[in-house]
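Novice: how does the following fold in three dimensions:
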Amino acid sequence: MPRKILVIHGPNLNLLGEREPGIYGRFTLEEINKELSALAAQKGVELKIVQSNHEGELVEAIQNARHWADVLVINPAAYTHTSVAIRDAIAAVRVPTVEVHLSNTHAREGFRHTSLVSPVAVGVIMGFGKASYLLALDAAVSLELDAKK
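Specialist: Below you'll find the predicted structure:
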């Protein structure tokens with residue numbers, strides 16, 4: 001069972017609660033993080049949470065995860081569809097990754113239908129609002145990990 005999970009929030013997620021509430025809801029990132037922390041404590045896992053609007057900072061957080069995290073939960077946000085760097089970082093560190101999105105990206109604009117991250121993730125959870133994050137954390141906790149990690 002994973003003991004250490006890193007959650008990464010991508011660009012503009014710091015604006016949750018203000019940003020397009022019809023799509024993303026009225027909850028804040030702080031509320032999501034609080035619920036994630038409570039669920040992690042209940043499951044007995046250590047949780048670190050990072051948010052950045054900067055692609056390079058996200059890449060560095062992913063790279064640093066190889067030294068600490070058993071599993072990565074990431075919402076790359078807009079970088080989902082554009083960042084080869086984030087995709088390559090996930091592939092390079094070989095930390096099992098769960099991709100998460102608040103909205104169902106397949107029900108939105110065409111450019112959001114392709115994820116560069118999905119092919120290097122063990123799974124994707126989307127479309128359930130903030131519950132997507134809780135489902136992703138549950139999925140991360142339940143992953144069978146390679147003993148060699």
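
Novice: for the strand or helix carrying residue 32, the distance to its chain's centre please.
Specialist: For residue 32, the host element (DSSP states H and E) is helix 29-43. Relative to its parent chain, helix 29-43 has a centroid offset of 13 Å by C-alpha atoms, centre = their mean, to the nearest Å.

Novice: show me what it is in contact with.
Specialist: With C-beta atoms under 8 Å, 6 or more residues apart in numbering as the contact definition, helix 29-43 has outside contacts at 5, 7, 9, 13-14, 16-17, 46-47, 49, 51, 130, 133-134, 137-138, 141. To be clear about C-beta, it is placed using only N, CA and C from the backbone, and glycine gets the same treatment.

Novice: and that helix, which residues are buried?
Specialist: Burial within helix 29-43, assessed by neighbour count using 16 or more other C-beta atoms under 10 Å, is assigned to 29, 32-33, 35-36, 39-40, 43.

Novice: helix or strand next in line after that helix, which one?
Specialist: The C-terminal neighbour of helix 29-43 among helices and strands, as given by DSSP H and E, is strand 46-51.

Novice: now stretch 104-124: buried residues?
Specialist: Applying a neighbour-count criterion of 16+ other C-beta under 10 Å, the buried positions in stretch 104-124 are 105, 112, 115-117, 120-121, 124.

Novice: any chance of the residues you listed in a markdown table, with secondary structure too?
Specialist: Listed next are the buried residues of stretch 104-124 as a markdown table, based on DSSP: H, G, I helix; E, B strand; the rest coil:
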| residue | secondary structure |
| --- | --- |
| 105 | helix |
| 112 | helix |
| 115 | coil |
| 116 | coil |
| 117 | coil |
| 120 | helix |
| 121 | coil |
| 124 | strand |
